[in-house]
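Asks: build me a structure from this.
(one chain, ligands or ions: 1)
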Amino acid sequence: MKKLVIGNWKMNPSTLDEAKKIIKKTRRIAGRLQHTEVIACPPLVFVFAVISKRDPNTLKIGAQTVSYEEDGPHTGEVSAVMLSDIGVKYVIAGHSEERKNGDTDKIVSRRVKAIVDSGMRAVVCVGEEMRDEGGKYLEILKDQIRNSLAGIPQSRAKNIILAYEPVWAIGAKEAMRPDQIYEMSIFVKKIFSDIFSQDQAMKVVVLYGGSVNFRNAVDIIKTGKVDGLLVGRESVNLPGFIELLKAVDGVK
Ligand code: PGA
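Replies: Numbering: from 1, shown residues only. Predicted structure coming up:
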């Protein structure tokens, strides 16, 4: 299976020109990779402009969020059907920065439902805010995953990608230790298995996110044994991102 690297650009860059430049360079390198699939998630306002009509698959374009409403009087919102219609294949849901802005697990689950019902893949972000000696954070994480995926039918499980992102490692100096990432990837798969099935859990793609860069990416994939990465800052930092993609592609 190919490794998956998703770039979450967050609210960067400031102009369409810059966005197009990053896309062009990322697409060029993505086209040369053999074992890695790359998705870029720019700010919504740039998404339509950077989806290639000629070559939509070399670099797929994703969105950072979506409305859970279908249509109608929801000022400022964009629906999953609209995103799917313009060629978006992946949408992030439940990012900790969105959760901080008021997204509860219930809201996240509604967004996830809207995404998978439109035939796209939902990149569902989960992760503990902090750790405690007694391991309570594992219970909290378990509840967060269960509630964020509540109401998603078994038949849609294949449209879900789990992005494990410990909140304390996002935008931080250092990523989580790869051996800890390995433990946590097993933990989140086990929960996925309890919600859906063992078979689905064997197939689910698990990403790690939180301060990934070109220096630590290989060890996270190798020792952390995750299927890919959700990359923030480094995804808009060329040439760091190019180095990262090359390095990940070289992992056997
Ligand atoms: P970071 O962000 O790589 O800048 O830590 C990761 C994320 O928020 O997904």
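Asks: list the contacts for the residue in the chain that the ligand sits nearest to?
Replies: At 2.2 Å from the ligand, Gly232 is the closest residue in the chain, using Cβ to the nearest ligand atom. For glycine as for every other residue, the C-beta is placed from the backbone atoms N, C-alpha and C. Gly232 is in contact with 8, 10, 170-171, 209, 211-212, counting by Cβ atoms under 8 Å, 6 or more residues apart in numbering.
Asks: turn these into TSV, columns for secondary structure.
Replies: Listed next are these as TSV, based on DSSP: H, G, I helix; E, B strand; the rest coil:
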residue	secondary structure
Asn8	strand
Lys10	coil
Ile170	coil
Gly171	coil
Gly209	strand
Ser211	coil
Val212	coil
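Asks: select only the buried ones of the residues you listed in ChimeraX?
Replies: Command for ChimeraX that selects the buried part of the contacts of Gly232, burial taken from 16 or more other Cβ atoms under 10 Å:
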select :8,10,170,209,211,212
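Asks: and the contacts of Gly232 near the ligand, which?
Replies: Filtering the contacts of Gly232 for proximity to the ligand (criterion: Cβ under 6 Å from any ligand atom) leaves 8, 170-171, 209, 211-212.
Asks: farthest-apart pair in those, please.
Replies: Based on Cβ to Cβ, the longest span within the ones next to the ligand among the contacts of Gly232 runs between Asn8 and Ser211 and measures 12.5 Å.
Asks: so where's the stretch 1-150 of the chain uncertain?
Replies: Regions of the stretch 1-150 of the chain meeting the criterion pLDDT under 70 are absent.
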